[in-house]
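**Q** any chance you can model this:
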Amino acid sequence: MTHPCIQATAAAAAKSNQNGGAQRKQNAPKNDDVEVEEDDDRPMLSSQALAALQEFLSEQNQTSETAQNKTESDSDEVALVSEDWRLSQFWYDAVTAETVAQEAVSLCSDSDSRVACIACPTLYAYLKKIRPEVSPKILEYDMRFEQYGSDFAFYDYNQPQDLPLELKHAFSVVVVDPPYLSKECLEKVSETVSFLARPGDSKLLLLTGEVQKERAAELLGLRPCGFRPQHSSKLGNEFRLFTNYGPGTRLGGWEQEN
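**A** Just a heads-up that it's a prediction; the model follows:
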């Protein structure tokens, strides 16, 4: 907050200095041999006013730095539509979204690599920011994501293969976050994965609850990684990240089997 007394004091000092300088210039002799006597009546700030002025300038600098840091921090995140709990929507936090997006990018080994994002719009948004050339596709039931144009495909897990034919076996990386933690949902999503994935060499990442661990192994041959996904909204269920390939030291590696 600006202190009026500080502004007035500083303004008065600046004005007096300016006027005094102009007056000295007008009265100064043109002969360089004549010594000009310095003005002794220059305005001086009291120690109390000077301390207040310094405090004010320090506060201004801190406010400016805070605003700059906030702007830089906000620029690292992406904007999404609001979550709709009726559709079981819970967006990842920034660390989770960026970690999974970077992993998906690292799996795109050639220019033909494509990434399918099934019911995980946060990942799609981060992929578009980090590496848009991987050509991510977002498959969603929520028609609000139709704003992404040709990147969007309507998807209802109850109709697991009711998708455009051009998407069949078109993706080298498939990331899926089933909307529900039920056996039926994971079974139907598995059909969608089979439809989308390139036969033989595709990489699959599944983000879902810990309770799906055995089903994920049975249906899709997946193993859990050490990395634990987090959401912007705190959820009661423990979430895990599963893959069908060994990530090495990335994603915390595969969890050791007992």
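**Q** elements contacting the lengthiest strand in the chain?
**A** In the chain, taking DSSP state E as the definition, the longest strand is strand 203-209. Counting contacts by 3 or more CB pairs under 8 Å, 6 or more residues apart in numbering; DSSP states H and E, strand 203-209 packs against helix 94-106, strand 173-176, helix 213-220, strand 239-243. (Each C-beta comes from the backbone N, C-alpha and C, glycine too.)
**Q** and the shortest one, C-alpha only, in PDB?
**A** Extracted in PDB, the C-alpha atoms of strand 173-176 (Å, rounded to 0.1, in the frame of the first residue of the first chain):
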ATOM      1  CA  VAL A 173       1.200 -45.100 -26.800                       C
ATOM      2  CA  VAL A 174      -2.200 -45.400 -25.100                       C
ATOM      3  CA  VAL A 175      -2.800 -43.800 -21.700                       C
ATOM      4  CA  VAL A 176      -6.100 -44.700 -20.000                       C
END
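**Q** what is the mean pLDDT for it?
**A** The average pLDDT within strand 173-176 is 98.
**Q** sheet partners, orientation included, of that strand?
**A** Sheet pairing for strand 173-176, assigned by DSSP bridges, gives strand 115-118 (parallel), strand 203-209 (parallel).
**Q** only the buried residues of the next helix or strand after that strand, if you could.
**A** Note on strand 173-176: by DSSP states H and E, the next helix or strand toward the C-terminus is helix 183-196. Residues 185-186, 188-190, 192-196 are the ones in helix 183-196 that count as buried (16 or more other CB atoms under 10 Å).
**Q** that older thread, could you redo the helices and strands packed on strand 203-209 as CSV and give each row distance to residue 206?
**A** Listed next are the helices and strands packed on strand 203-209 as CSV, based on distance: least, CB to CB, whole Å:
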stretch, distance to residue 206
helix 94-106, 11
strand 173-176, 6
helix 213-220, 6
strand 239-243, 4
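**Q** related to what we said a few turns ago, pick the most buried one from the strands paired with strand 173-176.
**A** Sort the strands paired with strand 173-176 by mean neighbour count, taking mean count of other CB atoms under 10 Å, and strand 115-118 sits at the top with a mean of 26.
**Q** packing partners of the very next helix or strand once past that strand?
**A** As assigned by DSSP H and E, the chain's next helix or strand after strand 115-118 is helix 121-130. The contact analysis (3+ CB pairs under 8 Å, 6+ apart) places helix 121-130 against helix 94-106, strand 115-118, strand 137-140.
**Q** tell me which of the ones you listed sits nearest to residue 50.
**A** With CB to CB as the criterion, residue 50 lies closest to helix 94-106 of those, at 44.0 Å.
**Q** what does that closest one rub up against?
**A** Around helix 94-106, the neighbours that count as contacts under CB atoms under 8 Å, 6 or more residues apart in numbering are 76-78, 91-92, 115, 122-123, 125-127, 130-131, 134, 173, 175, 205, 207, 227, 229-231, 241, 247, 250-251.
**Q** what pLDDT, on average, does that helix get?
**A** Mean predicted confidence for helix 94-106 is 95.
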